[in-house]
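Asks: Kindly generate the corresponding structure for this input.
(6 chains)
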Protein chains: 6
Amino acid sequence: MRNDGRQPNQLRPVTITTGVNKYAEGSVLIEVGETKVICTASVEDRVPPFMKGQGKGWINAEYAMLPRATHSRNIREAAKGKLTGRTMEIQRLIGRALRSVVDLQALGERTITLDCDVIQADGGTRTTSITGAFIALTIAVNKISEKVQFAKYPITDFLASVSVGVIQEKAMLDLNYEEDSKAKVDMNVVMTGNGKFVEVQGTGEDAPFSREELNQLLALGEAGIAELIGKQREILGSMAARIGG
Amino acid sequence: MRNDGRQPNQLRPVTITTGVNKYAEGSVLIEVGETKVICTASVEDRVPPFMKGQGKGWINAEYAMLPRATHSRNIREAAKGKLTGRTMEIQRLIGRALRSVVDLQALGERTITLDCDVIQADGGTRTTSITGAFIALTIAVNKISEKVQFAKYPITDFLASVSVGVIQEKAMLDLNYEEDSKAKVDMNVVMTGNGKFVEVQGTGEDAPFSREELNQLLALGEAGIAELIGKQREILGSMAARIGG
Amino acid sequence: MRNDGRQPNQLRPVTITTGVNKYAEGSVLIEVGETKVICTASVEDRVPPFMKGQGKGWINAEYAMLPRATHSRNIREAAKGKLTGRTMEIQRLIGRALRSVVDLQALGERTITLDCDVIQADGGTRTTSITGAFIALTIAVNKISEKVQFAKYPITDFLASVSVGVIQEKAMLDLNYEEDSKAKVDMNVVMTGNGKFVEVQGTGEDAPFSREELNQLLALGEAGIAELIGKQREILGSMAARIGG
Amino acid sequence: MRNDGRQPNQLRPVTITTGVNKYAEGSVLIEVGETKVICTASVEDRVPPFMKGQGKGWINAEYAMLPRATHSRNIREAAKGKLTGRTMEIQRLIGRALRSVVDLQALGERTITLDCDVIQADGGTRTTSITGAFIALTIAVNKISEKVQFAKYPITDFLASVSVGVIQEKAMLDLNYEEDSKAKVDMNVVMTGNGKFVEVQGTGEDAPFSREELNQLLALGEAGIAELIGKQREILGSMAARIGG
Amino acid sequence: MRNDGRQPNQLRPVTITTGVNKYAEGSVLIEVGETKVICTASVEDRVPPFMKGQGKGWINAEYAMLPRATHSRNIREAAKGKLTGRTMEIQRLIGRALRSVVDLQALGERTITLDCDVIQADGGTRTTSITGAFIALTIAVNKISEKVQFAKYPITDFLASVSVGVIQEKAMLDLNYEEDSKAKVDMNVVMTGNGKFVEVQGTGEDAPFSREELNQLLALGEAGIAELIGKQREILGSMAARIGG
Amino acid sequence: MRNDGRQPNQLRPVTITTGVNKYAEGSVLIEVGETKVICTASVEDRVPPFMKGQGKGWINAEYAMLPRATHSRNIREAAKGKLTGRTMEIQRLIGRALRSVVDLQALGERTITLDCDVIQADGGTRTTSITGAFIALTIAVNKISEKVQFAKYPITDFLASVSVGVIQEKAMLDLNYEEDSKAKVDMNVVMTGNGKFVEVQGTGEDAPFSREELNQLLALGEAGIAELIGKQREILGSMAARIGG
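Replies: Okay, here's the model as predicted:
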């Protein structure tokens, strides 16, 4: 039925490899189908100026694509001298989503920066970045906990994200690039381990969508995210047990 | 109950003044409570490079705030030498939303740029910009139609937007700035005249939200937008009749 | 005789509305003919780095035009990533002019930033900005004086500005845009309440001008500025009495 | 009387050396006291986009100071990534002034760029740049005329510039840096060979000035410029005869 | 003897994996010890403006490091808004080196862009980029040759690069990061398959070096590069035979 | 034999004029043939942030060309808003080279900035800059020593630089612009007074070069630099005696 033979409610194959960077406090290569993202978590013992003196930490995210991550080569943002609106929007989304499951007070005066670098893009790079960055973040927090005794564990819940969309009047889970370019509605959903929404961003640029379609998309997203969180739980092993503890 | 005495499902007073700029093809000053935005529509008989030779038009939006539109003065983006991520995100949202109700083929090789300049900000500046920009756009399209015979009228439906949020476990319509800063969930909804969604952007940075809360917010948004479209219809008078025609 | 029926020595109608911004310490909408400028004064209890530790204050000015303030739409300076030379020149002029009537020592370690945002431009935007910014500044200083007892009142004199020019061998006061584009000589004059010059900037790009023409222009400017200062005095009411006191 | 022993109406020693650059179509090293500026004129057989297709030429000017042209070293504008307002203002002034004595129609579709690079600064760098750039421009136009037969000679008059100011209630000609920093009024005057004004820019930031002071300053400027134009005439030799012809 | 147990004239282990990107015309992951670089070659059927109309092609290179490629996280150049001098220097070096073994005439009007993105850095990132980029380039040229009949094969020789340095008076091959930071002399050598030099860049910032030391370093570099070219030959298989043909 | 009649191993005429800037602590105009560079040394009693608190000094270099230093006019880097890669590469080279002969500990917490501004370019601008900057630096250090008693003299050796190249199979010393554009190999050599290498940068973009050619180039460079250091010694007079002392 779909261009890669999947069912409408089927995720692409997900592979998660941890420890892919020898310097970063946490690192993951996450592959969702042909979309590949390296997520690293870097810990610093200081916070940005606007957070100073509050005894709280900060989670920051950056996102970029290698120039040939896509079908045709893109000019580097560093060469252009500025970030595109798309990049800024995605960075803000990833950071906001991760902060929703971190108790910044419990983290203490530290900044953790999540770098999500897309090595190859085949749709869903922002949702894949969130799902992968959560793992890198958790590994980094665990690493801090080897040296520091947290009064309260700073990660309060699991977090994952997936895209959903409407293609030819049918709701679909986890769109690849070809599907994404045909979708009349495109939605990104971010949810926690206890099944609550952190972000819902639905766009009907080509055609507006009904409440009924919205409901179908959210249902697909909920199921897909539950599956992704299962994979996170598996990869994190004993680290998973401390989350929300 | 609310800090300005409104009911949870009550909009702030809305005032719309057209013709506020003597040069622009369409112009509006829209006031929603203390939030004031000047929207101008500028028509050019050419399209951006990426649209050339397709016989289609383009709708572009820009958004900015005067430096003292807010409680404390902000540094101008022109002085910083770059747009913030927030501005880019809002500009992209406004443009995308407006394009969803314009038949670019019917418009022909023209660009209409909607400038939304916030003179005073008290919450809901992006949603107010969309509601006002739709009116400026319609006036501009009407002005074009005085000289050009459109085979099909390019505006396919009404479009308006409102914010909703959860404050102390209660869903509220059209948050002002003080409410917005206390809200645990913040959502912007953009809908068409026939009651379909164009954008749904919900964020639970402080606390994730349940499906039940999402439903309440969407219901509030639907009602608020219907009311705003009523006001647009009134202001546009005879121009309203051609929409979607 | 003139394209709007005025006498050579006649100002356009001037309307000044104060209190147009609910956050700013001082605010004014000044309309000179079809030229409309919002001037806000923002007070901060600190000075820029180069003024630190001198016990003195600072007056800063910024100037911008909305993209469609003019006949055809201009690209935003924020989008270009830099200020034009014209904007910088005007900002420097406004700041310098205002500082000439402020005793920075008496003001104390405070910065007052005057933002002059042109909503609609029909000639004379820089001179109108100076005339309006002086009022916003005075209102803001008055507001400070409600909390702070100034040993000496920081505003030492009135200040206003007007343009003059030579059109078809005839000196004219307060040029509108159409006149400005036909003028062979264009001069901006800034003067104080006691009839002295703060700035005289005359340019004969199209044709150089004689000493005789210069004298006529200065005479027109002097009379026009006296009239504008009369209007400032009226609007400021009891605040006017403290100036130079 | 003055810090370098000059009379109030006395210019500093002026030295003009032509042919200081082997590539430029016109070049001059102009020294006014310790102020030293290299002016080169570069000719191109095309005009900027906004002048295309009008059959007219264009005169453009750029201005810069070497980092250690001044008492303490300045950061390069290239390192900062942008021009300061002061530089832009000066460039605009030089270009505007030169264009006032060039018949762009007679010049034909050519651009002449005048680069004024200050090697050492001791006051009056913008006025010295104008006086020197006029010579470089004339040499370059003469060079063009060796290959092209101008129907009308494009340079219509001589052009020179000088600064004047009020120091301790006394009007002075051609201020050096030390004088300039003590002056309460500072004025730059640009005039043509037939004694008309092209630019008059007077500023009383520290204290406003009277009509009487303005008159004294203009008289000093007129005499100083006449003397400078005498020196230009001498240096240009036979080229001088064609000006205004 | 060395911190990782190698002999002075011993390379680190080299692993080359081709086809790591499904979109790029040529792609390689090259690992030299812990230094890991992804090199992609992107082909476009046009040349940059300065090469137009010459019937020749162009080879361009870009270089970047992921933010956490190094011990501590670096700010992204895209976030800074400009490339560092180091990046520009390296990009210029890679491009120049590759062009030395490409017959641009034979390539025809095509641009091949080599993107070298450092995933992990442990010394020698610029030399590793050159060695890897040559392979990606060859694969891309081979891919072009599947559709286009080259009159002459555009790649004229092999090309590889290695670093050498003097540590405690001893010349060493292929420095890792720790060695590099202790080296008093640091040299990068680029050579062709026929044993000629393309680039020799030696720097003695901490201490100048003698002719004798230079000779030792060059000898080590020659041997190391011959070994690297052997590995390139192996990986390229049948493609290797066409080089220089 | 050469286009200006020189022998292959002959330098162009060298003229060095000191004291060309009245503000700088050290200044030189160096002319090598038609290449002319003004080098100024500016002393500040502080170090850049990354050097703070180490009790050491810093040497920084900047390089630029006047727009018409070359055959055709170049756009100013300040106007472009960024430095080119070439400029950055040259600045880094000059700074690195000068630091190799300065004992930063002995210099104490001071920064000396060498500005190398090319007034006219005819090949060898970077090597000429190094040779001239060394003299300006020495004069500035001497000036410091008039006020400060150095425990150890901070300049440890002489330093000069020259270019060499292969033209039509023949190694040549000190290429002028025309020669440089025909050279198949281009090398810049920086050496100290005791005959050691500080930088060797050889590039064979048009054709790779053999070990034999490299040796010939180095020999020519050594002799040329010895001659340049002879001239430095002469100009510096008694200051020369303290170097390395």
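
Asks: what about residue A:19, how many neighbours?
Replies: Residue neighbour count, defined by other C-beta atoms under 10 Å in any protein chain shown, stands at 11 for residue A:19. C-beta here means a position set from N, CA and C on the backbone, and glycine is covered the same way.

Asks: got the contact list for it?
Replies: Shown in contact with residue A:19 (C-beta atoms under 8 Å, 6 or more residues apart in numbering or on different chains): residue A:27.

Asks: ok, now how distant is it from chain D?
Replies: As judged by C-beta to the nearest C-beta, to the nearest Å, residue A:19 and chain D stand 40 Å apart.

Asks: Got the phi and psi for that residue?
Replies: Reported as degrees, to the nearest 10, the phi and psi values for residue A:19 are phi 70, psi 30.

Asks: how would you label residue A:160: helix, strand or coil?
Replies: Using DSSP: H, G, I helix; E, B strand; the rest coil, the secondary structure recorded for residue A:160 is strand.

Asks: Kindly provide the distance from it to residue A:42.
Replies: As for residue A:160, its distance to residue A:42 is 21 Å (criterion: C-beta to C-beta, to the nearest Å).

Asks: out of those two, which sits in the busier spot?
Replies: Using other C-beta under 10 Å, the more surrounded residue of residue A:160 and residue A:42 is residue A:160, with 27 against 23.

Asks: Beta-bridge partners for that one, please?
Replies: Beta bridges link residue A:160 to residue A:191, judged by DSSP bridges.

Asks: Surely it and residue A:229 touch.
Replies: Yes - the pair residue A:160 / residue A:229 is scored as a contact, 5.0 Å apart, by C-beta atoms under 8 Å.

Asks: can you map out the strands along chain A?
Replies: For chain A, applying DSSP state E gives strands covering A:14-18, A:26-32, A:35-44, A:58-65, A:111-120, A:159-167, A:170-173, A:185-192, A:197-203.

Asks: Provide a list of residues in contact with residue A:115.
Replies: Counting by C-beta under 8 Å, 6+ apart, residue A:115 has contacts A:38, A:39, A:40, A:42, A:61, A:62, A:63, A:64, E:66, E:67, E:68, E:73.

Asks: Identify the residue spatially nearest to the third one, adjacent ones excluded.
Replies: Closest residue in space to residue A:40, ignoring its immediate chain neighbours: residue A:24 at 3.8 Å, by C-beta to C-beta, 6 or more residues apart in numbering or on different chains.

Asks: Identify the residues contacting the closest residue to chain C within chain A.
Replies: Closest residue of chain A to chain C, C-beta to the nearest C-beta: residue A:82 (7.3 Å). Shown in contact with residue A:82 (C-beta under 8 Å, 6+ apart): B:82, C:81, E:78, E:81.

Asks: Mean pLDDT added to the strands of chain A, as CSV?
Replies: Listed next are the strands of chain A as CSV, based on pLDDT from 0 to 100:
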stretch, mean pLDDT
strand A:14-18, 98
strand A:26-32, 98
strand A:35-44, 98
strand A:58-65, 98
strand A:111-120, 98
strand A:159-167, 97
strand A:170-173, 97
strand A:185-192, 97
strand A:197-203, 97
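
Asks: Just send those strands back as JSON lines, with distance to residue E:211 too.
Replies: Below are these laid out as JSON lines (distance: least, C-beta to C-beta, whole Å):
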{"stretch": "strand A:14-18", "distance to residue E:211": "49"}
{"stretch": "strand A:26-32", "distance to residue E:211": "45"}
{"stretch": "strand A:35-44", "distance to residue E:211": "44"}
{"stretch": "strand A:58-65", "distance to residue E:211": "45"}
{"stretch": "strand A:111-120", "distance to residue E:211": "44"}
{"stretch": "strand A:159-167", "distance to residue E:211": "61"}
{"stretch": "strand A:170-173", "distance to residue E:211": "68"}
{"stretch": "strand A:185-192", "distance to residue E:211": "63"}
{"stretch": "strand A:197-203", "distance to residue E:211": "65"}
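
Asks: which of the ones you listed sits most buried?
Replies: Ranked by mean neighbour count under mean count of other C-beta atoms under 10 Å in any protein chain shown, those are led by strand A:159-167, which reaches a mean of 27.

Asks: Give the other helices and strands that it contacts.
Replies: If contacts are counted by 3 or more C-beta pairs under 8 Å, 6 or more residues apart in numbering or on different chains; DSSP states H and E, strand A:159-167 sits against helix A:85-99, helix A:125-147, strand A:170-173, helix A:177-182, strand A:185-192, helix A:211-236.

Asks: and residue F:188, which of those is closest to it?
Replies: helix A:85-99 (39.2 Å; C-beta to C-beta).

Asks: tell me how far that closest one is from the chain's mean position?
Replies: A distance of 9 Å separates the centroid of the chain from that of helix A:85-99, by C-alpha atoms, centre = their mean, to the nearest Å.

Asks: What's opposite the residue lying closest to residue A:98 once chain neighbours are set aside in the beta bridge?
Replies: What sits nearest to residue A:98 in space, not counting adjacent residues and going by C-beta to C-beta, 6+ apart, is residue A:59, at 4.9 Å. For residue A:59, the beta-bridge partners are residue A:112 (DSSP bridges).

Asks: Could you report the distance from residue A:59 to chain B?
Replies: From residue A:59 across to chain B, the span is 11 Å (C-beta to the nearest C-beta).

Asks: what do you get for residue A:221?
Replies: To chain B, residue A:221 is 11 Å away according to C-beta to the nearest C-beta.

Asks: Next: residue A:125.
Replies: 17 Å.

Asks: Ok, residue A:22 next?
Replies: Distance, residue A:22 to chain B, by C-beta to the nearest C-beta: 31 Å.

Asks: how about that residue, what does it touch?
Replies: Counting by C-beta under 8 Å, 6+ apart, residue A:22 has contacts E:34, E:120.

Asks: same question, the one 5 residues further on
Replies: If you count contacts by C-beta under 8 Å, 6+ apart, residue A:27 has them with A:18, A:19, A:20, A:21, A:38, A:39, A:40, A:41, A:136, A:139, E:68.

Asks: same check, this time on residue A:48
Replies: By C-beta under 8 Å, 6+ apart, the neighbours of residue A:48 are A:58, A:60, A:111.

Asks: Same list (those residues) but as a markdown table, adding distance to residue A:102.
Replies: Conversion of the contacts of residue A:48 to a markdown table gives the following (distance: C-beta to C-beta, whole Å):
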| residue | distance to residue A:102 |
| --- | --- |
| A:58 | 9 |
| A:60 | 11 |
| A:111 | 11 |
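
Asks: how about the residues of chain A near chain C?
Replies: Residues of chain A lying close to chain C (C-beta under 8 Å from any C-beta of the partner chain) are residue A:82.

Asks: shouldn't residue A:236 be in contact with residue A:137?
Replies: No - counting by C-beta under 8 Å, residue A:236 stays clear of residue A:137, with 10.7 Å between them.

Asks: And the two? Which one has more around it.
Replies: The neighbour comparison of residue A:236 against residue A:137 (other C-beta under 10 Å) goes to residue A:137, with 27 against 20.

Asks: That one and residue A:72, how far apart?
Replies: With C-beta to C-beta as the criterion, residue A:137 and residue A:72 are 32 Å apart.
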